[in-house]
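# A predicted structure for the sequence below; I have some questions about it.
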Amino acid sequence: MKTEQIAAFTRRTHEIYRRLKEGTLPVEATLAGLQKLIESGFDSIVDLDADPVVPDGWSVESHAKGGKFDFAPGRIGLYLCEEQKNLLNIEGHKLRKKLKNRPIFNANLLDWLLRKENKRFIPEGWKGKDVFFWGTIYRSNGGELAVRRLCVRGGGWCSQGYHLDYGYGHSSPAAVALTGA
């Protein structure tokens, strides 16, 4: 930080402190807002209605829009169907049907998480898993239907496509919205 930025930060935090002390700012609401800012960062709104990123040579088969999503780590969960929980593989086409009425996320959240400034929000517990974003289905350059996943390859987080003809096992959960979060 530059000296003038530190000075501006100091002035503003002193102003917040003064107003809290005077009672012109509500303490609990201010603390809750600051905590949300700390946990979510400054750009926590994900546009799930925007057109998704399309890998070279691919096209979008379907894209379930989801509005503006105010990101917070506790609002995202991982879902496995019964077959996956029982350590069985399920074909992607069958899994897609099972996910039809689930609150799945589209690929826009995947791409938001992969931004340099947002990778810190990817939960530690997702390492070792291939997390799929079933709200966007693609057609690959070979004509097969595919879905994109968030995974660790080569030491870092990345996105890869995976055909629906393949099997999805216990380490292939779908990213879903948690209700009530």
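Sure, I can see it. Numbers count the residues shown, from 1 in each chain.
# where does the protein dip in pLDDT?
1, 36-43, 180-181 (pLDDT under 70).
# 50 instead?
Along the chain, the parts satisfying pLDDT under 50 run over 181.
# report the central residue of it.
Leu109 (4.1 Å; C-alpha atoms, centre = their mean).
# and the strands in the chain?
Applying DSSP state E to the chain gives strands spanning 45-47, 59-63, 68-70, 76-79, 90-91, 131-139, 145-153, 156-163, 167-168, 174-177.
# Glu91: neighbour count?
14 (other C-beta atoms under 10 Å). Backbone N, C-alpha and C define where each C-beta goes, glycine included.
# spatially nearest residue to it, not counting backbone neighbours?
Leaving aside its sequence neighbours, Glu91 sits nearest to Gly167 (C-beta to C-beta, 6 or more residues apart in numbering; 6.2 Å).
# and the one you found, how many neighbours does it have?
Neighbours of Gly167 (other C-beta under 10 Å): 15.
# how about Pro103?
By other C-beta under 10 Å, neighbour count at Pro103 equals 16.
# please report phi then psi for it.
phi -80, psi 70 (degrees, to the nearest 10).
# tell me how far it lies from Ala146.
21 Å (C-beta to C-beta, to the nearest Å).
# kindly report the same for Trp126.
20 Å.
# in terms of neighbours, single out the busier of those two.
Of the pair Trp126 and Ala146, Ala146 is the one with more neighbours under other C-beta under 10 Å, namely 23 against 18.
# how far away is Leu178 from Lys97?
22 Å.
# higher neighbour count, those two?
Leu178 (13 against 10).
# so what's His170 up against?
80, 84-85, 87 (C-beta atoms under 8 Å, 6 or more residues apart in numbering).
# ok, now Ala146?
So, once contact is read as C-beta under 8 Å, 6+ apart, Ala146 ends up touching 58, 137-140, 161-164.
# highest neighbour count among the residues you listed?
Tyr138 (23 neighbours).
# any idea how far Phe9 is from the most far-flung residue of the chain relative to its centre?
Relative to the centre of the chain, the most outlying C-alpha is that of Glu22, 39.5 Å out, by C-alpha atoms, centre = their mean. Distance of Glu22 to Phe9, given as C-beta to C-beta: 21 Å.
# right, I'll call it a day here.
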